[in-house]
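**Student:** Okay, predicted coordinates and the sequence, questions at the end:
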Amino acid sequence: MLLVTMIFAVLGFLSPSNRGGLMTAMLLVWVLMGLLAGYSSSRLYKMLKGSEWKKITLQTAFLFPGVAFVIFFILNALIWGEKSSGAVPFTTMFALVLLWFGISVPLVFVGSYLGFKKPAMEPPVKTSKIPRQIPEQAWYMNPLFTILIGGVLPFGAVFIELFFILTSIWLHQFYYIFGFLFLVFVILVITCAEIAVVLCYFQLCSEDYMWWWRSYLTSGSSALYLFLYAAFYFFTKLQITKLVSGILYFGYMFLASYAFFVLTGTIGFCACFWFTRLIYSSVKID
């Protein structure tokens, strides 16, 4: 979704002079991407021998957007309580719900149906049903340590651009260098993939095969640094004294960090998934 939106922005279809154009494009692309979300989640779930297809489809359709909508609704209710003109009107909220339930959710179910109709992806080698004992790991392979370290480089790839984005949002300045933003996004994708693959390789060399969620959290932990940087920006750059304004700032930044966590975590997992299939498909079984 983010990639498609930025391509449109780089091509000049989205401009700061068109107020709300970027957000509208992101919402429309997100709604249409429900088809791809349902398809990819069902394909992975079927490979893992899952049978409750309705459960995984509902989670795909409601987990991320549901949490995001609840946070957004609470923050918007605070703005309503302040009688501010910046509150999102009820009609717009209703339109968002209509897009969600009327288009996105059905597309997720269609994509999930198409994914489950496909043959299951087979692992490159046969796996044992009896889990093998994992040997004691070195201190630097501690899951918490590697997860926290793994988020540093992806955040380092974007934190300079993050400053300009925060300035444009909270200090009412225009942001129009979408070409450079696209380049930063490409660097972010490469960095997330590389750090996740490298740490996954070290983990496998240590005979620890529990890489699935760890690969997701390794690159996804960059969202923690994003939120901490947002807090630093709040106390050093903004002159906000009202409690409600502070709650709104941290609420929206938590929402942005949540989306960033899902994005970077998915990149890391997909990279490790491709990497493990590649190396194990090269293994010769006698």
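**Tutor:** Right, received. Where do you want to start? Numbering: from 1, shown residues only.

**Student:** Tell me how the chain divides into domains.
**Tutor:** 33-46+57-120, 139-276 (automatic domain parsing).

**Student:** want to try CSV for those domains, with mean pLDDT, mean neighbour count and distance to residue 282 as columns?
**Tutor:** (C-beta placed from N, C-alpha, C; glycine too.) Formatted as CSV, these follow (pLDDT from 0 to 100; neighbours: other Cβ atoms under 10 Å; distance: least, Cβ to Cβ, whole Å):
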stretch, mean pLDDT, mean neighbour count, distance to residue 282
domain 33-46+57-120, 90, 16, 22
domain 139-276, 90, 17, 11
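
**Student:** Can I get those domains in JSON lines including distance to residue 23?
**Tutor:** Shown next, in JSON lines, are the domains of the chain (distance: least, Cβ to Cβ, whole Å):
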{"stretch": "domain 33-46+57-120", "distance to residue 23": "11"}
{"stretch": "domain 139-276", "distance to residue 23": "11"}
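
**Student:** Okay, and the closest residue to residue 249 other than its chain neighbours sits in which element?
**Tutor:** In this structure, residue 249 finds its nearest non-sequential neighbour in residue 234, 5.8 Å apart by Cβ to Cβ, 6 or more residues apart in numbering. Residue 234 belongs to helix 222-237 when assigned by DSSP states H and E.

**Student:** Tell me which residues are up against that helix.
**Tutor:** 148, 150-152, 154-155, 158-159, 162-163, 166-167, 170-171, 192, 240, 246, 249-250, 253-254, 256-258, 260-261, 264 (Cβ atoms under 8 Å, 6 or more residues apart in numbering).

**Student:** Stretch 261-279 too?
**Tutor:** Residues from elsewhere that reach stretch 261-279 (Cβ under 8 Å, 6+ apart): 2, 64, 123-124, 150-151, 154, 188-189, 192-197, 200-201, 204, 211-212, 215-220, 222-223.

**Student:** Same question for stretch 138-149.
**Tutor:** When contacts are defined by Cβ under 8 Å, 6+ apart, stretch 138-149 is touched by residues 199, 202-203, 206, 208, 214, 217-218, 221, 224.

**Student:** ranges for the helices of the protein?
**Tutor:** Secondary structure of the chain (DSSP state H): helices at 2-10, 21-32, 34-47, 53-81, 90-99, 105-117, 143-150, 152-170, 178-205, 212-220, 222-237, 243-281.

**Student:** Nearest to residue 135, out of the ones you listed?
**Tutor:** helix 178-205 (11.4 Å; Cβ to Cβ).

**Student:** list the helices and strands that closest one packs on?
**Tutor:** Counting by 3 or more Cβ pairs under 8 Å, 6 or more residues apart in numbering; DSSP states H and E, the packing neighbours recorded for helix 178-205 are helix 2-10, helix 143-150, helix 152-170, helix 212-220, helix 243-281.

**Student:** need those in a markdown table with distance to residue 53, can you?
**Tutor:** Formatted as a markdown table, those follow (distance: least, Cβ to Cβ, whole Å):
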| stretch | distance to residue 53 |
| --- | --- |
| helix 2-10 | 27 |
| helix 143-150 | 30 |
| helix 152-170 | 33 |
| helix 212-220 | 20 |
| helix 243-281 | 20 |
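
**Student:** Go through the ones you listed and name the closest to residue 39.
**Tutor:** helix 243-281 (14.1 Å).

**Student:** could you check the angle helix 222-237 makes with that closest one?
**Tutor:** Counting by axes from the mean of the first three to the mean of the last three Cα atoms, to 10 degrees, helix 243-281 lies at 150 degrees to helix 222-237.

**Student:** For helix 243-281, what is the distance to the chain centroid?
**Tutor:** With Cα atoms, centre = their mean, to the nearest Å as the basis, helix 243-281 stands 4 Å off its chain's centre.

**Student:** how close does the nearest residue to residue 265 once chain neighbours are set aside sit to residue 261?
**Tutor:** Excluding its sequence neighbours, the residue lying closest to residue 265 (Cβ to Cβ, 6+ apart) is residue 220, at 3.0 Å. Separation of residue 220 from residue 261 (Cβ to Cβ, to the nearest Å): 5 Å.
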